[in-house]
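# For reference, the sequence and a predicted model appear below.
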Protein chains: 2
Amino acid sequence: MKLEVQIKMNETLYVRDPEQSELGKNIIKYSILLIQKKGFEVFTFKKLAEAIGTTEASIYRYFENKHKLLVYLISWYWGWLEFQIIYQTKNVQDSKAKLKQVITLLATTVQDDIMTSHVDESLLNQILISEGCKSYLTKHVQEDNKQEFFSPYKDLCKTVGEIILECNIQYKYPQSLASTIIEVAHLQNFFLHNLPALTDFDQTKKEDQIIEFLNNLVFSSINN
Amino acid sequence: MKLEVQIKMNETLYVRDPEQSELGKNIIKYSILLIQKKGFEVFTFKKLAEAIGTTEASIYRYFENKHKLLVYLISWYWGWLEFQIIYQTKNVQDSKAKLKQVITLLATTVQDDIMTSHVDESLLNQILISEGCKSYLTKHVQEDNKQEFFSPYKDLCKTVGEIILECNIQYKYPQSLASTIIEVAHLQNFFLHNLPALTDFDQTKKEDQIIEFLNNLVFSSINN
DNA sequence: TATAAATGATAGTAATACTATCATTTATTT
DNA sequence: AAATAAATGATAGTATTACTATCATTTATA
C-alpha cells in the first residue's frame, strides 16, 4: 500500500485544489522546480505552463496569481515541517533536548520526503531560504493575514514558543525567539552560501555551524 | 552656511550620479516616497516619472532598473547608519555601553536627518524594514556581490562585529551575530506592526521592547 | 556666443499578468 | 451505454511593465 501524507491547506489560497488532479500536482511540482532554479521574480505562469506542457489559462484555473502560489508552497512547507517537529520530538522527554532537536530540524537542509510524491522538500527548503520572507513582505500582509494565509507559520512559531517555555517558563520572549530562530536559520544559510562575509562559517562544515550558532544564541538567552 | 552630508556611493549602481542634479535628487526623494507608500513590487519608473513630473526615459538615464535603484537607496542608508554609529559612539569608552548604543540605533525608528535634505531617513528606515532583504534575496546576488553592491552592509556588519569582539574577544560568531542583530531588528519591527502574533510585544511601547529583546539575546550569548 | 550636456516629448517593442471564448477531452451520473 | 457535467486545450485579446531609440529643446559650461 502506498501511503501519502496530505497537508490541509487554506482554501482561499487556490481557485481549484491542486492536490485533486494530475495537472494540479504538476503545477506544484514544476513551480517548485522553476522557482528554485530561476528565482521568484523571473518565474512566470507562462514559463510554468511551458514546463508542464499546458497553457497559461489552465494555471490560472488553479491559482489567481504567482504570489498566492508562493504563499501556498510556503504554507505547505510550514505545515509539513510542523508535522516533522511533532513527529520527531514526541518521544523526547527533556525539554532542552527537544528544543535542540527543533533547532536542528529548522536549520538542516532537508531530504526529499518520499511520503509526498509531487513535492521535493529539499528544493522547497531552498525556496524557503531565498523566497520565504517575500510571502509576507508586501503591502497587503495585513489583508493576507486576515485571510489566514500565515496560520501555518504562526502555528509553527507557537509550537516552538511552547517548547521554549518548557525550557524556562520565566522567559519573556518565546514568540519573538521562535520567529527569530526560524528566520535566522534561513538568513545565515543564505549568507553562508552567498554573502559569506556576513557570517563566521566556512563552506565545508555547512549547516552544523549554523546549528551551533543558534544553540549558543538560544540557550544562553533562555538560561539567563 | 548650509551643511550637507554626502555618502559616497558605488558608481556601478547608477548610470548618472543622482546627487549631481536636481532631477537626480528628485528621483531619490520621490522613489523613497513611492516605494515606502506603495511597496517595491508595485513601484514602477513610470509612476515615479509621473510623481516627479518628468519622463520614464529620464529616469533610465540615472538608473538601469528599479532593482539597482533599490540597492542604491539601501546602500545609502547603510552608509548613513554607519556614520551615525561611528559618530554617536566615538566618546563611549565602555564596550558594552557602546554595543548597547549600537543595538538601540539599529532598532530605533529613525528621525529625518536635516543634514541630508533630499533623503527622508525615517521613510528610508521603513523601506529597509519591509524591502531591505529584497536587495540581496535574488538569483543574481553573487554577481551583485562581485560588483561590491553590498559593501556598505558588509562594512556595517564588520564595524558591529568588532564592537562585539571588544565586549568578548572569545566570542566565536561576531559577524553572524552582527548580521543577526541587524536583520532581527527589522524583522521583529515588521512583525510587531503587521504580524504581532509572531512577537511578544504590545503595540504601545513599540521599539523599546525590541531593543530589550535584542539586548537580552546579544548580551546573554556574548557573556556566556 | 558657441558648444556640449541634460532633459523632454514621443514612439516603439517584447514580455508580463491577466481575462474571455469556444472546442475537445475526460469523468460522472443515470 | 448514453447523457451530462467538469476539466483542459487552443487561441485571442488587453492593459501594464520594462525597457530602447530618436530628435527637439532647454540649461549649463567653456
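Done, it's in. Please read all numbers here as calculations on a predicted model, not as lab measurements. Numbering: from 1, shown residues only, chains lettered A, B, ... in the order given.

# And residue A:158, how far from DNA strand D?
34 Å (CB to the nearest atom of the strand, to the nearest Å). C-beta: built from backbone N, CA, C; applies to glycine.

# For residue A:21, grab phi and psi.
With angles defined as degrees, to the nearest 10, residue A:21 sits at phi -150, psi 160.

# check contacts around the residue in chain A positioned nearest to DNA strand C.
Closest residue of chain A to DNA strand C, CB to the nearest atom of the strand: residue A:65 (3.1 Å). Counting by CB atoms under 8 Å, 6 or more residues apart in numbering or on different chains, residue A:65 touches no other residue.

# Residue A:97: which element?
Per DSSP states H and E, residue A:97 falls inside helix A:95-107.

# near DNA strand C, which residues of chain A show up?
Within reach of DNA strand C by CB under 7 Å from any atom of the strand, chain A has these residues: A:42, A:44, A:45, A:46, A:47, A:56, A:57, A:60, A:64, A:65, A:66.

# let's see it at 10 Å
Residues of chain A lying close to DNA strand C (CB under 10 Å from any atom of the strand) are A:15, A:20-22, A:38, A:40-50, A:55-61, A:63-69.

# Just the buried residues of the helix holding residue A:97, please?
Using 16 or more other CB atoms under 10 Å in any protein chain shown as the test for burial, helix A:95-107 gives A:95, A:96, A:98, A:99, A:100, A:101, A:102, A:103, A:104, A:105, A:106, A:107.

# Just give me how far that helix sits from the chain centre.
16 Å (CA atoms, centre = their mean, to the nearest Å).

# one step back: for chain B, see how far away the residue of chain A closest to DNA strand C is.
Residue A:65 sits 11 Å away from chain B, going by CB to the nearest CB, to the nearest Å.

# ditto for residue A:155
Taking CB to the nearest CB, one finds residue A:155 at 10 Å from chain B.

# OK, contacts around the closest residue to that residue other than its chain neighbours?
Leaving aside its sequence neighbours, residue A:155 sits nearest to residue A:82 (CB to CB, 6 or more residues apart in numbering or on different chains; 6.1 Å). Listed by CB under 8 Å, 6+ apart, the contact partners of residue A:82 are A:152, A:155, A:156, A:159.

# rerun at 10 Å
By CB atoms under 10 Å, 6 or more residues apart in numbering or on different chains, residue A:82 lies in contact with A:7, A:152, A:153, A:155, A:156, A:157, A:158, A:159, A:160.

# Just the buried residues out of the residues of chain A next to DNA strand C, in PyMOL syntax.
To isolate the buried ones among the residues of chain A next to DNA strand C in PyMOL, judged by 16+ other CB under 10 Å, type:
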select buried, chain A and resi 40+41+43+45+48+49+58+59+61+63+66+67+68+69
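
# Now, the residues of chain A next to DNA strand C that are in helices?
A:22, A:38, A:45-50, A:56-60, A:66-69 (DSSP state H).

# quick one: average pLDDT of the one helix or strand residue A:125 maps to?
Using DSSP H and E, residue A:125 maps to helix A:121-131. Helix A:121-131 shows a mean pLDDT of 97 in the predicted model.

# For that helix, name the packing helices and strands.
Contacts defined by 3 or more CB pairs under 10 Å, 6 or more residues apart in numbering or on different chains; DSSP states H and E place helix A:121-131 against helix A:22-38, helix A:66-89, helix A:174-194.

# most packed of those?
For these, the largest average neighbour count (mean count of other CB atoms under 10 Å in any protein chain shown) is found in helix A:174-194, namely a mean of 24.

# Can you report how many residues lie near residue A:143?
Neighbours of residue A:143 under the rule other CB atoms under 10 Å in any protein chain shown: 10.

# surely it meets residue A:136?
No: using CB atoms under 10 Å, residue A:143 is not in contact with residue A:136; the gap is 11.6 Å.

# where do the contact lists of these two overlap?
Counting by CB under 10 Å, 6+ apart, the shared contacts of residue A:143 and residue A:136 are residue A:149.

# Tell me the spacing between the closest residue to residue A:7 other than its chain neighbours and residue A:150.
For residue A:7, ignoring the flanking residues on the chain, the nearest one in space by CB to CB, 6+ apart is residue A:79 at 4.0 Å. Distance from residue A:79 to residue A:150, counting by CB to CB, to the nearest Å: 12 Å.
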